[in-house]
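1. Next input, structure requested:
(chains A, B, C and D)
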2 protein chains.
Amino acid sequence: MSSDAVADGTVGKALDVLDMVAARGRPVRFSDLQVGSSYPKATLYRLLQTLTHQGMLAYDDDRGTYALGLRLVRLAHAAWSTSSLAPLARPYLDELAEETGETIHLAQLDHGQVLYVDKRNASKPVEMFSSAGKVGPAYCTGVGKAMLAYLDEGGLEAVIARQSFHQFTPETLDTPEKLKAELAAIRDRGHAFDREEHEPGIICCAVPILTRNGRAIGAISVTSTTARTSLAALEAQAGRLKDIATRIAAVAEDWRFPEQG
Amino acid sequence: MSSDAVADGTVGKALDVLDMVAARGRPVRFSDLQVGSSYPKATLYRLLQTLTHQGMLAYDDDRGTYALGLRLVRLAHAAWSTSSLAPLARPYLDELAEETGETIHLAQLDHGQVLYVDKRNASKPVEMFSSAGKVGPAYCTGVGKAMLAYLDEGGLEAVIARQSFHQFTPETLDTPEKLKAELAAIRDRGHAFDREEHEPGIICCAVPILTRNGRAIGAISVTSTTARTSLAALEAQAGRLKDIATRIAAVAEDWRFPEQG
DNA sequence: AGACTTAGTTTCACATAATGGAACCACAGG
DNA sequence: CCTGTGGTTCCATTATGTGAAACTAAGTCT
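-> Alright, predicted model coming up:
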């Protein structure tokens, strides 16, 4: 769960500390971080000081706690709008949401995890950051599996090594073997399902967004509940999903290679 | 525009580079950054490498460009949900949006700039990151002035020093003196206006969200156009706005001091 | 009150890690 | 084949970050 790669240099350590704070999900005291951190007191202290001074962390004087700073929100806005598929995909997602009336997700792969970058909610209108920026497991979500299925051999192994294979529900694919078999099936039919593998009662159908050379740069899904619909009904949407995914891929490639003359 | 404070240590420099990339607003080549950066080639190069390796930047192999990485989006999600007023204020904003049918903004002050952390759009349903994370000038927006008005002497001077006082429209308050006079008026009446100071045709009424001890932790505003309504009509909402702001302040304080037993 | 934790901050001799000038590579034009 | 531009690597120098330990400021117990 903690730092995976060797944290290169001071910058790496500082960012590692940022992650530690983020992981707690609420303002943390110095000592909260001290335990479970491999850094000695003084080092951790200095890193926190630096980050705070830089606006990446916010220090609450009264409570003596650190929380993630708003500078991150500013940066993320820029990141989201330049590096994610969301701005490009927006009109297509709108279209899809309108058509289906179901919840739509747009996700990308980040460090072996599913990162949701946009969402259209069935009923509720707005969700903001509360959904964009969220992460989820790759091995047991529709969008996750759709992307994994189109990873190259080496990449897949690396990502599989990072999966927890925690059994969320009885349906969860809880071994690399089961997952690999499923991925082959996904490649076969071109779309992925979530058969209540992450949450009971929640099902979805997802398709990858593929570049010309067959790499998945993201995935979209339509999600519903077993109460409202069936997998078969969702699968009926697969063609439409693929169509949208192709169009998103097209604008993404156009955008990545604007003019080279 | 570039780094203001002395970038402390390597971490500061790295974050400065991040900002530089963010400022460009699109994928940048190494040489794009090299010009206008005070760092020597090799240093800049290494910083970019480190940031890329850390997932804070994404390097596009084909194009040879750097863009902000998705790790930032992940972090920002955490920042937004723990350090911003948005999650707490959400129900109240919903209420306000429903009532008024106008565009609602929730903003906080970050390094002398207005940082929008949530928004309810009059017509359009969803906006996501595209609005949260956006920054704007403090001296010529309703929410900005509402917050500045409740800064202490020292804090205000520091923030004023950071303002550009660019004259966006004929109405823009373009000197510290005019601004200070306006802030006094705002303190007097308890709410701020934007009289087309930032964009022609756009007006708004804003109120600060004040802690028990009179510090502004944020601001909310209702925005409209001169075509649709008048300042006077917006001012009629001020009471309602203040009411909502008070309630947000209350939950914010409750939340900041949950249980001390 | 006095002794004793607990939590956070500062010091300082030391070594690692960042620095940046310069050399090097790769490739596109001429 | 030479020349220029954009990017990457070297390596001696030194600035920076390191972390054990000492210190301070609050509690807490007796």
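2. tell me the pLDDT at the residue in chain A that DNA strand C sits nearest to?
-> Going by CB to the nearest atom of the strand, DNA strand C is nearest to residue A:9 of chain A, at 2.5 Å. No exception for glycine: its C-beta is placed from N, CA and C like everyone else's. Reported pLDDT at residue A:9 in the predicted model: 87.
3. Could I get the phi/psi values of the closest residue to it other than its chain neighbours?
-> Closest residue to residue A:9 apart from its sequence neighbours, by CB to CB, 6 or more residues apart in numbering or on different chains: residue B:50 at 5.9 Å. Dihedral angles of residue B:50 (phi, psi; degrees, to the nearest 10) stand at phi -60, psi -50.
4. The one 10 residues further on too?
-> Here is the backbone geometry of residue B:60 (degrees, to the nearest 10): phi -90, psi 110.
5. next one: the one 4 residues further on
-> Torsion angles at residue B:64 (phi, psi; degrees, to the nearest 10) stand at phi 70, psi 40.
6. buried residues in whichever strand or helix holds residue A:254?
-> Element membership of residue A:254, judged by DSSP states H and E, is helix A:238-256. For helix A:238-256, a neighbour-count test (16 or more other CB atoms under 10 Å in any protein chain shown) marks A:238, A:241, A:242, A:244, A:245, A:247, A:248, A:249, A:252 as buried.
7. Dump those residues to CSV, plus distance to chain B and pLDDT.
-> As requested, the buried residues of helix A:238-256 are exported to CSV (distance: CB to the nearest CB, whole Å; pLDDT from 0 to 100):
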residue, distance to chain B, pLDDT
A:238, 24, 94
A:241, 19, 95
A:242, 23, 96
A:244, 17, 96
A:245, 19, 96
A:247, 19, 95
A:248, 16, 95
A:249, 16, 93
A:252, 12, 88
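8. Out of the residues you listed, flag the one nearest to DNA strand D.
-> residue A:252 (21.8 Å).
9. tell me the contacts of that closest one?
-> Applying CB atoms under 8 Å, 6 or more residues apart in numbering or on different chains to residue A:252 gives the contacts A:85, A:88, A:209, A:211, A:217.
10. Among those residues, which pair sits farthest apart?
-> A:88 and A:211 (13.3 Å; CB to CB).
11. and the two? which has more neighbours close in?
-> Shown here are residue A:88 and residue A:211; by other CB atoms under 10 Å in any protein chain shown, residue A:88 has more neighbours (20 against 15).
12. which residue packs closest to that one, ignoring adjacent ones?
-> Per CB to CB, 6+ apart, closest to residue A:88 is residue A:251, 5.1 Å.
13. quick revisit: off-centre distance for the helix holding residue A:254?
-> Taking the mean of its C-alpha atoms, helix A:238-256 sits 19 Å from the chain's own mean (CA atoms, centre = their mean, to the nearest Å).
14. could you check the distance from residue A:253 over to residue A:240?
-> 21 Å (CB to CB, to the nearest Å).
15. next one: residue A:145
-> 19 Å.
16. try residue A:201
-> Residue A:201 is 24 Å from residue A:240, by CB to CB.
17. how about the contacts of residue A:252 in TSV, adding distance to DNA strand C?
-> Shown next, in TSV, are these (distance: CB to the nearest atom of the strand, whole Å):
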residue	distance to DNA strand C
A:85	29
A:88	28
A:209	29
A:211	22
A:217	25
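18. out of the residues you listed, who's nearest residue B:193?
-> Of the contacts of residue A:252, the one sitting nearest to residue B:193 (CB to CB) turns out to be residue A:88, at 36.9 Å.
19. Wait, a helix at that closest one?
-> Yes. Per DSSP: H, G, I helix; E, B strand; the rest coil, residue A:88 lies within a helix segment.
20. where along the stretch 1-150 of chain A do the strands fall?
-> Counting by DSSP state E, counting those that start in this stretch, the stretch 1-150 of chain A has strands at residues A:28-29, A:57-60, A:65-68, A:103-110, A:113-120, A:135-137.
21. For chain B, which of these is the nearest?
-> Among the strands of the stretch 1-150 of chain A, the nearest to chain B by CB to the nearest CB is strand A:65-68 (3.5 Å).
22. tell me which strands and helices that closest one is in contact with?
-> For strand A:65-68, the packing partners by 3 or more CB pairs under 8 Å, 6 or more residues apart in numbering or on different chains; DSSP states H and E come out as helix A:9-24, strand A:28-29, strand A:57-60, helix B:70-83.
23. hmm, back to that, please determine how far the residue of chain A closest to DNA strand C is located from residue A:15.
-> 10 Å.
24. Have a look at these two and say which one is more surrounded.
-> residue A:15 (27 against 18).
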